[in-house]
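S.K.: mind looking at a prediction? Sequence and model below.
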Protein chains: 2
Amino acid sequence: MTDLRNAFYAQSGGVTAVINASACGVIETARRHRDRIGAVFAGRNGILGALAEDLIDTGRESDAAIAALRHTPSGAFGSCRYKLKGLEQNRAEYERLVEVFRAHNIGYFFYNGGGDSADTCHKVSQLSEKLGFPIQSIHIPKTVDNDLPVTDNCPGFGSVAKYIAVSTREASFDVRSMASTSTRVFVIEVMGRHAGWIAAAGGLASDLGGDIPVVILFPEIEFDRDGFLACVRDNVERRQFCTVVVSEGAKGRDGQFLSEQGTRDAFGHAQLGGAAPLVANMIKDALGYKYHWAVADYLQRSARHIASKTDVEQSYAVGQAAVEKALQGKSAIMPTIVRVSDEPYRWEIGEAPLSEVANVEKKMPREFISEDGFGITPACRRYLAPLIQGEDYPPYRDGMPCYATLKNEAVPKKLPPWAQPK
Amino acid sequence: MTDLRNAFYAQSGGVTAVINASACGVIETARRHRDRIGAVFAGRNGILGALAEDLIDTGRESDAAIAALRHTPSGAFGSCRYKLKGLEQNRAEYERLVEVFRAHNIGYFFYNGGGDSADTCHKVSQLSEKLGFPIQSIHIPKTVDNDLPVTDNCPGFGSVAKYIAVSTREASFDVRSMASTSTRVFVIEVMGRHAGWIAAAGGLASDLGGDIPVVILFPEIEFDRDGFLACVRDNVERRQFCTVVVSEGAKGRDGQFLSEQGTRDAFGHAQLGGAAPLVANMIKDALGYKYHWAVADYLQRSARHIASKTDVEQSYAVGQAAVEKALQGKSAIMPTIVRVSDEPYRWEIGEAPLSEVANVEKKMPREFISEDGFGITPACRRYLAPLIQGEDYPPYRDGMPCYATLKNEAVPKKLPPWAQPK
């Protein structure tokens, strides 16, 4: 053992193609500062690993294995959907965290997630003051939804945007080929519960000249059935075919999601899926066009094979910055991406106080959505285009990508078992 | 004009990520034999272009544009779903074809498609004899379904297999990350109306050691609800999570597809989609597991960004061989892929008479499916593995692949308009 304080790192919420690149940034940077940071312990399955004292000793992983995280999708240590309540409502959980942190000499808390995780991270940062336990708590941004405030964009979004842009373009070429005697309309459903950023990326499927007619249904725009059908019909009549990108978060006049499976996740969010077949059938019924539909679901957020190089670099950079900022003594902050210029695209790392990040959702600004509500504006394209720039292919062996699976060996427990509160 | 006979090339049926690589093989090879083949005219929207005398002059495309077809998905000249009836039932169509071929001095007929197209190609080859018009008719194999006989595999299949193997592995990593508190089962629906080759490729998502528990529903195996649910439960209990690959062609005891949209395509085939949500809900109802589901649909067959290098090479090779065999005086044949060895994988071009190809569907042999009916055997893996080998990335600009859109200029018409029979 050493007197150096150890670090805790965990992944939270829906995983992405590049969240492990942030993990790689954290661990590699910590390893370069062995004189100032002890071990890096990862939470098995996010914050639950801390509560259960189920810590993973990342020190048992080789440098090569940690480097491979940079090109491995999903959460290498397991993630969770679990939001800590406020200190007042559930003091026992916070006292347990402090107990575990103290037992394992943890002084740095790095939490890699979205809005809910920023909130958790913010609460942990208050442990120093409220429970008298010294800890530096830094949030590492991650969300495919791109809905965190302050930061110009969220690590994880650029890769899903590239996947949706490329895949929608490819499928649009397909329907264009088939349109004379068969499919006229292709509908793809994309993620984005409350913000239409991913749907907007579908607009990049068309070139600047509009070679692909793309109709987008955003969560930000109330669904207008008649206007939508008129737009699809107009495209098919003029161009023979049409592509529809529908956000899983698209809502009707009554505020209900176009299609709701009726189940809810642990945060109480509705679990969606099924807007594509609904919209496709609506088109068939009203206009008679033959259609195909796809629901990309996990494929879009795990597609490391077509990750954005920009996104990979930024994901690594926020992980690295989190450790560096911790070493500068900072806490209760989140490293951000700051856009310096559009063309050429230049960015740098900034920071935001967690009080400004937690529980704030950044939706698409209205000026990024075309006047008719079904497309993206040049300003939106200017914003999105740099985020999908560059390819960052994983290595392959025998035709398959070489993704890492870590050993994930547990740190020996020092405390009696703990029962998770129901 | 020249005395050289011209060639007709057309794309038929569902397009693929690599059918244009075959077009590239045809046109580049013809261009290398300008002393023996005149122009290459492409049918706009497949055989319909021939019937309508709507021919595309590929001679107006630069060498660079033709070369770019090699990395461009979908059908650059348009495809169609249109099956010629027999000569006896619809003599007028064949007489029209002869009229158009004669008007444009067409002596070579290259038809790039699946089983239905092989049948059309076979019928055209009989025009020489039956209508006294000399034409060499060669079929170029293409089908994502991998269901053509004689040939070891079908161009188009290797790329969709790679897409499904890679995507299913990525999404499985995702669900594995989430399984402790959220999603336990991921269901992906894949193409393959009557043959389970694409579903089988989902089995490659797991490594040899079985790191990903994959349960496959093949069209070849009658769906057994209880056995399936037991298999999923067993996997989730032992491994925490499970991936299900369901073929759109999976059928129940009554012979009905698990989910049928109720529409039919121009060939009278049922248009499928929706087995994934059905299966996912079945799991939720019976076992209570949280799920996610995806329907890959066109995304899988247009995904040129993750094409198999082996597949691209073979697709080009069958196009090239078609022209070379025509120049050797052959007709009523299809170039095939002949497997010479598994390890190292070696293949060569062979040929099959169209009489043996047309209207024959090659299903998965039972020995490729595991005894319980839910997985692939080592023999199947040995067959599939070489077909996804190698990556063949398209060039990118500003984060998007540079796919070609041709000028597709029409050849001036020489005949009066023709009304397509209803």
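M.R.: Ah, there it is. On a predicted model such as this, the values are computed, not experimentally measured, just so you know.
S.K.: count the residues that sit near A:Phe316.
M.R.: Let me fix one detail, which is that residue A:316 is Tyr and not Phe. 23 (other C-beta atoms under 10 Å in any protein chain shown). (Glycine included, C-beta is placed from N, CA and C.)
S.K.: any idea whether it is helix, strand or coil?
M.R.: With DSSP: H, G, I helix; E, B strand; the rest coil as the basis, A:Tyr316 sits in helix.
S.K.: could you find the closest non-adjacent residue to it?
M.R.: Spatial nearest neighbour of A:Tyr316, chain neighbours left out: A:Gly25 (4.1 Å); criterion: C-beta to C-beta, 6 or more residues apart in numbering or on different chains.
S.K.: got the contact list for the one you found?
M.R.: Applying C-beta atoms under 8 Å, 6 or more residues apart in numbering or on different chains to A:Gly25 gives the contacts A:315-323.
S.K.: between these, which is nearest B:Pro335?
M.R.: Of all the contacts of A:Gly25, B:Pro335 sits closest to A:Ser315, with 45.7 Å by C-beta to C-beta.
S.K.: state the pLDDT value of the closest one.
M.R.: Listed pLDDT for A:Ser315 reads 98.
S.K.: so when I look at A:Ile56, I'm seeing a strand, right?
M.R.: Yes: judged by three-state DSSP, A:Ile56 forms part of a strand.
S.K.: tell me, how many residues neighbour it?
M.R.: Other residues lying near A:Ile56 total 25 when counted by other C-beta under 10 Å.
S.K.: can I assume it is in contact with A:Ala76?
M.R.: No: using C-beta atoms under 8 Å, A:Ile56 is not in contact with A:Ala76; the gap is 9.1 Å.
S.K.: what touches both of those two?
M.R.: Common contacts of A:Ile56 and A:Ala76 (C-beta under 8 Å, 6+ apart): A:406, A:408.
S.K.: got the phi/psi numbers for the nearest residue to A:Arg382 once chain neighbours are set aside?
M.R.: Nearest non-adjacent residue to A:Arg382, counting by C-beta to C-beta, 6+ apart: A:Asp342, 5.5 Å away. Torsion angles at A:Asp342 (phi, psi; degrees, to the nearest 10) stand at phi -80, psi -50.
S.K.: check what pLDDT A:Asp342 gets.
M.R.: A:Asp342 carries a pLDDT value of 94.
S.K.: A:Gly273 now?
M.R.: The model reports A:Gly273 with a pLDDT of 53.
S.K.: A:Gly252 too?
M.R.: Here, the pLDDT recorded for A:Gly252 equals 89.
S.K.: which ones are touching it?
M.R.: Contact analysis of A:Gly252 by C-beta under 8 Å, 6+ apart lists A:222-223, A:258.
S.K.: save those as TSV, and put in pLDDT, distance to B:Val15 and neighbour count too.
M.R.: Shown next, in TSV, are the contacts of A:Gly252 (pLDDT from 0 to 100; distance: C-beta to C-beta, whole Å; neighbours: other C-beta atoms under 10 Å in any protein chain shown):
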residue	pLDDT	distance to B:Val15	neighbour count
A:Glu222	95	36	13
A:Phe223	95	31	21
A:Leu258	86	29	22
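S.K.: ok, these vs chain B, which is closest?
M.R.: A:Leu258 (14.6 Å; C-beta to the nearest C-beta).
S.K.: sorry, back to before: quick check, the residue nearest to A:Arg382 in contact with A:Pro386.
M.R.: Yes: applying C-beta under 8 Å, one finds A:Asp342 in contact with A:Pro386, separated by 6.6 Å.
S.K.: strands of the stretch 101-250 of chain A, start to end?
M.R.: A:106-113, A:136-141, A:185-190, A:214-217, A:242-247 (DSSP state E, counting those that start in this stretch).
S.K.: per-residue pLDDT, the closest residue to A:Leu387 other than its chain neighbours?
M.R.: Distances taken as C-beta to C-beta, 6+ apart place A:Gly158 nearest to A:Leu387, at 3.9 Å, with adjacent residues excluded. Note for A:Gly158: predicted pLDDT of 98.
S.K.: and A:Gly158, how close does it get to A:Ala165?
M.R.: Look at A:Gly158 and A:Ala165: by C-beta to C-beta, to the nearest Å, they are 10 Å apart.
S.K.: need the overlap of contacts for the two.
M.R.: Both A:Gly158 and A:Ala165 are in contact with A:Ile388, where contact means C-beta under 8 Å, 6+ apart.
S.K.: just want to know which of the two has more residues nearby.
M.R.: Using other C-beta under 10 Å, the more surrounded residue of A:Gly158 and A:Ala165 is A:Gly158, with 33 against 28.
S.K.: where does the stretch 251-400 of chain A have low pLDDT?
M.R.: A:259-273 (pLDDT under 70).
S.K.: and the strands in it?
M.R.: Going by DSSP E, counting those that start in this stretch, the stretch 251-400 of chain A shows strands at A:260-264, A:270-272, A:291-295, A:333-341, A:346-353, A:396-397, A:400-401.
S.K.: buried ones in the fourth one?
M.R.: Put plainly, it is strand A:333-341. For strand A:333-341, the buried set under the neighbour-count rule, 16 or more other C-beta atoms under 10 Å in any protein chain shown, comprises A:333-337, A:339.
S.K.: report whether stretch A:34-52 contacts chain B.
M.R.: Yes: using C-beta under 8 Å from any C-beta of the partner chain, stretch A:34-52 reaches chain B at A:44-46, A:48.
S.K.: got the CA positions of that stretch in PDB?
M.R.: The C-alpha trace of stretch A:34-52 is given here as PDB (Å, rounded to 0.1, in the frame of the first residue of the first chain):
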ATOM      1  CA  ARG A  34       2.000   7.100 -10.600                       C
ATOM      2  CA  ASP A  35       3.800   9.500  -8.300                       C
ATOM      3  CA  ARG A  36       0.500  11.300  -7.600                       C
ATOM      4  CA  ILE A  37      -2.300   8.800  -8.100                       C
ATOM      5  CA  GLY A  38      -2.300   5.300  -6.600                       C
ATOM      6  CA  ALA A  39      -4.500   2.600  -8.100                       C
ATOM      7  CA  VAL A  40      -7.400   3.100 -10.500                       C
ATOM      8  CA  PHE A  41     -10.300   1.100  -9.300                       C
ATOM      9  CA  ALA A  42     -13.200   0.700 -11.600                       C
ATOM     10  CA  GLY A  43     -16.800   0.200 -10.400                       C
ATOM     11  CA  ARG A  44     -18.200  -3.100 -11.600                       C
ATOM     12  CA  ASN A  45     -21.500  -2.000 -13.200                       C
ATOM     13  CA  GLY A  46     -21.100   1.700 -12.400                       C
ATOM     14  CA  ILE A  47     -21.900   3.300  -9.100                       C
ATOM     15  CA  LEU A  48     -23.300   0.000  -8.000                       C
ATOM     16  CA  GLY A  49     -19.800  -1.400  -7.900                       C
ATOM     17  CA  ALA A  50     -18.900   1.300  -5.300                       C
ATOM     18  CA  LEU A  51     -22.000   0.600  -3.200                       C
ATOM     19  CA  ALA A  52     -21.400  -3.100  -3.300                       C
END
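S.K.: buried stuff in it?
M.R.: Judged by neighbour count (16+ other C-beta under 10 Å), stretch A:34-52 contains these buried residues: A:37-52.
S.K.: model confidence over it, on average?
M.R.: On average, stretch A:34-52 scores 97.
S.K.: and that stretch, how far out from the chain middle?
M.R.: In this view, stretch A:34-52 has its centroid 21 Å away from the chain centroid, taken as C-alpha atoms, centre = their mean, to the nearest Å.
S.K.: what's the answer for stretch A:335-346, then?
M.R.: 19 Å.
S.K.: gap between the two ends of that stretch?
M.R.: 16 Å (C-alpha to C-alpha, to the nearest Å).
S.K.: would you map the helices across the stretch 1-150 of chain A?
M.R.: Using DSSP state H, counting those that start in this stretch, the helices of the stretch 1-150 of chain A run over residues A:19-31, A:47-51, A:63-68, A:91-103, A:115-125, A:127-130.
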